[in-house]
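In: Mind looking at a prediction? Sequence and model below.
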Amino acid sequence: MTESQSLWLIPILPLIGAAINGLLGRRLPKAAVSAIAILTVLGSFLWVIKTISALGDLAAPHSEHYFTWIQSGTLDIGVDFMIDRLTRVMLLIVTGVGLLIHIYATGYMDHEEGFARFFSYLNLFMFFMLTLVLAKNFLLVFVGWEGVGLASYLLIGFYLKEKFAGDAGKKAFIVNRIGDFGFSLAMFLIVLTFGSLDFTKVFAAAAKMPVEAHAGILTAIALLIFVGACGKSAQMPLYVWLPDAMAGPTPVSALIHAATMVTAGVYIVARASVIFDRAPLALDVVSYIGLLTAVVAATIGMTQYDIKKVFAYSTVSQLGFMFMACGAKAYSSGIFHVATHAFFKAVLFLGAGSVIHALHGEQDMRNMGGLRSKTPQTFITLCLAWLAISGVPPFSGAMSKDEILIAVHGKSEWMFWVGVVTAGLTAFYVSRAMFMTFFGEYRGKAHPHESPFSMTGPLWVLGLLSAVGGYLVRDLVHSIGPEVAEHGDHSSLGFIVVAAGLIGIALAAFVYLFSRGLSQSFAKALGPVYHLVYDKYRVDEFYDAVIVRPIQAGSTWVLWRGVDHYLVDGLVQGIGNTIGNVGVVLRRAQGGHIPSYATWIAVGAAAALVGFQILSGGAR
Amino acid sequence: MNSLFPTPADFLRVLPVLILTLFGTLLMLLEPLTGDGKGEKPQLRWLAILGLALAMAGAVIAYGDPGPAFNGMLLVDGFGTFFTVLVAGTGLLTVFCAQDYLVRERQENGEFYALLLFSIAGQCIMATANELIILFVGLEISSISSYILAGFLRDDKRSSESALKYFLLGSFATCFLLYGVAWIYGLTGSTNLSVIHYTLGAAPVNPRLLALSVALMFVGFAFKVSAAPFQIWAPDVYQGAPSPVSAFLSAAPKATAFAIFLRVFMTAFGSVADQWQPLFWTSALATMVVGNFAALRQNNIKRLLAYSSIAHAGYVMVAVTSHSTVGTAAAMFYLASYAFVNVGAFAVVSYVAAKGEKHLSIDDFAGLAERQPLAALVMTIFFTSLIGVPLTAGFFGKFYIFKAALDAGMVWLTVLGLLNSAVAAYYYLRVIVVMYTHEPSQAVNDLEPASSGLQIGWVTAATATVVLGVLPSALLEFASRAALLR
């Protein structure tokens, strides 16, 4: 038993920041608001560092019990926090990357209205995200889970005056409800099966259960958890909210919709690895969904012109890779990719934000080009992330992606090859975005300028992490276990993965740098297929026609006109009239005359006396 | 050995009562010496606040050394301490919430605070009484102060009428209680609750006479908690009394009346529970139905809250009926959460009603959210708690009460009770809708901003409601331990 590390400080500090900025922020100068927002997150980050160094190698998890939250019968749910090797990595990512993005945001949001409101929400997000990763039971995870959803909703809809922002916020919220419903059902099943929601107890009990050859209770739990993960981590078929979520300010896209919140699904699957390991069927589902999502999102990413949309689909695709790793039981590789992805995708988004900032809000890549010389620092840092996501060694992304694909190879050969092709597509669309933005002639009208240091500083730190961060976190991540396959045995597979990335870059260079117009002829030649992909496979339209409209029609015709108007209104009015009559009787009894009241009491007393007499006689 | 003379420990155990009496007397003495001629007496207000805060602290200190005092007449245990702290806290909240009202009506003076403190002193005696005579003394101290408080606005007809009704009917009902006490003494030879419990358990007494005395005492208690069919006084009294007084009356005296109700029926009459449970069952149901259904058609907000308080007494009666430790703990939790909510809600009412309590119609609350968002927000929190929406104290209160009822096998009472709370949602929601969706009324447009004292009162009550709704376990754990009455 180790002594208390006051883990509660880690989430509470940002909450204090959120409270101060939310309540008093409007009256404070911007500098004070920024200072409060940054310093509270810095405090959390330092406390994480201090705690981790104090706890050593964490061979056994460190947990702290604060108080009993809900007690009902045998179910006992406490507010408990825990740090183990998995939490350690997540804490470092969330507070570290979160801190950098907070700093960046002070520069990015400088000219925006609602400065304090923005940082209040952003700090609130940090509170819930840290609660999510520190929680020691499923219900507390769920609190964080719902909380980050709320913060995400508030931040997507941050530009209150834009209708599309509000719509995007609602879409994210509603799609996530489906996932959350799955998660709640998973919790109910866990309570039914194990009688507890505490991680230690549930996983210890699950570890004693055999691997389920056919679908059983563990498979059901695992699949329901995965439904929740699909919603939060934007997997098929629930990924549609994430691209729209780009309506929020860019630092939000970087922090919430790339680096941290969307990886919560991967985290919870890795956390529940004991359950997933015993449910092979569920693992297969995780693999297939991950692979399908990776491919579909990558192809859509190839055709988009909005720079943030490209990176949004890229995020969906990379999350697919992480789930593929989990499906192959290589949870630590999945978390490894969470970490490296947090670095390079944060740079991609922040860099995109820097470009958008420089061009005063322009997001269409067709109106960019040649920015290499105009925003050199942004360009160089973005290059580091570009090489990382394309899988060029020794950059961080190459290390984690290699591991994932090698693990997938161990599970199934054909999935490996599809994954390799997808890795090539990834390199292609990111290179395309880079070439369209930074090379060639400038095609826009605005006057680009380099961003301030508050924005380029974090870009440099994250850019360097994208380059060499893989070496920094590798051992931390691998300590989570189980053992991953050594690279040496599979060097040929590693070469294939790297080659796929390089081919992707080369193809993009060929198409977008050397033979202009080729892309248009491609698009023409492919015709309807190209348009289908460009329109994102028309999934939104499909959902609209199959789900949204029937529900609307149903609520209009059946529920509103039918049930509500005739049935409920009729019933209520009928009951209401009857109740009204009762009320009249009661009111008449309440005439206000003391003698009649006294009579009433006397009658009541007489009734009580008689009643008690009868009962005492009956008991005899 | 019992000695005729009180020991120092005895005095320590009545510390809250001593403090309250001392400060009450002090307030009366200082009354003529203070005042700035404008009707404000902040010195007295702060003295009352100090007295109540010290009384709370005193109750905690007294609980450091629990046990019987004054030859077993009083019993300082967790149960009694819980209610002592609760009523003193309610009084504290009432002082904050009454400030605006008293200043507005130019009635802030020592008597108000002194009466409040005396009433609470009586309630502290009730909460720790372990003996029927001392219980009666506490009840009378509390009641007489309450009667005067109800008629505090001498020149206001409504207030005088309220006080007179309360006094006459209250005295009438107390007669029943006293008569019951007399019969019990005749049957068992004691007025000490522990002795009565022991005697009834050891040797059988005449069941008809026992039933008679139980019935008589039930009438007295049921009147005090406004349980049907003895609820008839409550709407008139709460409507006529000054709003801060109504707030206090519906929270503190009611909570302690339930405390003695529970203590007497859990300990002294615990062994004959099967005889009184069916009648309690009926009374609980009738109380819920009368309160909720009568509230549906009320347009006067004070009357609405009065009927609502009857309905909530019905829910607590469900807990009493279940006759179990779980039920007692549930009732304690419910009464605590209800006290915060009701004092807060009446404070908002008195704020909107403005000078002379003119604006008491629900329509006067129209558009409150637009003009005074804080007032509308806290009122919404209070009303959602009264409905029993999750994340408010009212939810867990109802949850534990109905859980206790189910544990006791009272399925039908649970079902009917839940149906009742569904009916209740209507009249609470109506007020919220009016506050948030209607155009501001004239009354709302004319409102001055609330004083900081009133805001402290609201925000404290609302915070407590939410905190108990999110983290009920600390209070509930204490209540569960304290509910082991013997």
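Out: It's in.

In: alpha carbons only for contacts and neighbour counts from here, please
Out: Noted.

In: So residue A:66: helix, strand or coil?
Out: Under DSSP: H, G, I helix; E, B strand; the rest coil, residue A:66 falls in the strand class.

In: cool, the one 10 residues further on as well?
Out: State at residue A:76, reduced to three classes by three-state DSSP: strand.

In: For the nearest residue to it once chain neighbours are set aside, give me its contacts.
Out: In space, and not counting its chain neighbours, residue A:76 is closest to residue A:70: 6.1 Å by CA to CA, 6 or more residues apart in numbering or on different chains. Contact analysis of residue A:70 by CA atoms under 8 Å, 6 or more residues apart in numbering or on different chains lists A:76, A:77, A:78, B:471, B:472, B:473.

In: Then residue B:342?
Out: B:247, B:250, B:251, B:382.

In: Now do residue B:35, the pLDDT please.
Out: Looking at residue B:35, its pLDDT stands at 68.

In: All the helices of the stretch 51-200 of chain B, residue numbers only.
Out: Assigned by DSSP state H, counting those that start in this stretch, the stretch 51-200 of chain B shows helices spanning B:78-104, B:110-128, B:132-150, B:157-188, B:193-202.

In: For burial, what's the neighbour tally of residue A:303?
Out: Using other CA atoms under 10 Å in any protein chain shown, residue A:303 has 19 other residues around it.

In: Please list the residues outside stretch B:478-486 that contact it.
Out: Residues from elsewhere that reach stretch B:478-486, judged by CA under 8 Å, 6+ apart: B:77-79, B:82, B:194, B:263, B:266-267, B:325-326, B:328-330, B:332-333.

In: could you redo the last one with a cut-off of 7 Å?
Out: With contact meaning CA atoms under 7 Å, 6 or more residues apart in numbering or on different chains, stretch B:478-486 is reached by B:78, B:79, B:267, B:325, B:326, B:328, B:329, B:332, B:333.

In: Tell me, please, where in chain B the pLDDT is lower than the cut-off.
Out: Scanning chain B with the threshold set as pLDDT under 70 gives B:1-4, B:35-39, B:486.

In: Go again with 80.
Out: B:1-5, B:35-40, B:203-204, B:297, B:485-486 (pLDDT under 80).

In: rewinding a little: bridge partners for the residue nearest to residue A:76, pull those for me.
Out: Using DSSP bridges, the bridge partners assigned to residue A:70 are residue A:77.

In: any idea which helix or strand carries residue B:22?
Out: Element membership of residue B:22, judged by DSSP states H and E, is helix B:15-30.

In: Go through the helices of the stretch 51-200 of chain B and name the closest to chain A.
Out: Taking CA to the nearest CA, helix B:157-188 is the member of the helices of the stretch 51-200 of chain B nearest to chain A, at 6.5 Å.

In: is that closest one up against chain A anywhere?
Out: Yes. Using CA under 7 Å from any CA of the partner chain, helix B:157-188 reaches chain A at B:165, B:169.

In: buried residues in that helix?
Out: The neighbour-count check on helix B:157-188 (16 or more other CA atoms under 10 Å in any protein chain shown) flags B:158-167, B:169-174, B:176-185, B:187-188 as buried.

In: what does stretch B:433-443 give?
Out: Judged by neighbour count (16+ other CA under 10 Å), stretch B:433-443 contains these buried residues: B:434, B:435, B:436, B:440, B:441, B:443.

In: and what of stretch B:270-287?
Out: B:270, B:272, B:275-277, B:279-287.

In: With stretch A:37-53 instead?
Out: Applying 16+ other CA under 10 Å to stretch A:37-53 flags A:37-49, A:51-52 as buried.

In: roughly how far is it from the heart of the chain?
Out: Distance of stretch A:37-53 from its chain centroid, counting by CA atoms, centre = their mean, to the nearest Å, is 22 Å.

In: same check, this time on stretch B:306-317
Out: Distance of stretch B:306-317 from the chain centroid (CA atoms, centre = their mean) equals 11 Å.

In: what sits against residue 186?
Out: Since you didn't name a chain, this refers to chain A. The contact partners of residue A:186, by CA under 7 Å, 6+ apart, come to A:221, A:224, A:225.

In: think we crossed wires, I meant chain B
Out: Listed by CA under 7 Å, 6+ apart, residue B:186 has no contact partners.

In: just checking, residue A:304 is part of a helix?
Out: No. Counting by three-state DSSP, one finds residue A:304 to be coil, located in no helix.

In: Tell me how far it lies from residue A:527.
Out: In this view, residue A:304 and residue A:527 are 16 Å apart by CA to CA, to the nearest Å.

In: who has more neighbours, the two?
Out: Applying other CA under 10 Å to residue A:304 and residue A:527 shows that residue A:304 carries more neighbours, namely 21 against 11.

In: Can you report phi and psi for residue A:159?
Out: In terms of degrees, to the nearest 10, the main-chain angles of residue A:159 are phi -80, psi 80.

In: Over to residue A:56?
Out: Note on residue A:56: backbone dihedrals following degrees, to the nearest 10 are phi 70, psi -140.

In: Is there a neighbour count for it? I'd like the number.
Out: Residue A:56, neighbours per other CA under 10 Å, totals 8.

In: got the contact list for residue B:97?
Out: B:244, B:347, B:453, B:454, B:457.

In: ah, wrong one, I meant residue B:196
Out: Taking CA under 7 Å, 6+ apart, we find residue B:196 in contact with B:188, B:190, B:268.

In: For chain B, list the residues in contact with chain A, please.
Out: Contact residues, chain B versus chain A (CA under 7 Å from any CA): B:165, B:169, B:207-208, B:211-212, B:215, B:219, B:229-230, B:232, B:275-276, B:293-294, B:297, B:471, B:473.

In: Restricted to buried residues, select these in ChimeraX.
Out: Remark: buried members of these, expressed as a ChimeraX selection using 16+ other CA under 10 Å:
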select /B:165,169,207,211,212,215,219,229,230,232,275,276,293,294,297,471,473
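
In: Now go through the residues of chain B next to chain A and say which are in helices.
Out: Among the residues of chain B next to chain A, the residues falling in helices (DSSP state H) are B:165, B:169, B:207-208, B:211-212, B:215, B:219, B:275-276, B:293-294, B:473.

In: how about the residues you listed, which pair is most distant?
Out: Using CA to CA, the two most remote members of these are B:208 and B:473, lying 42.6 Å apart.
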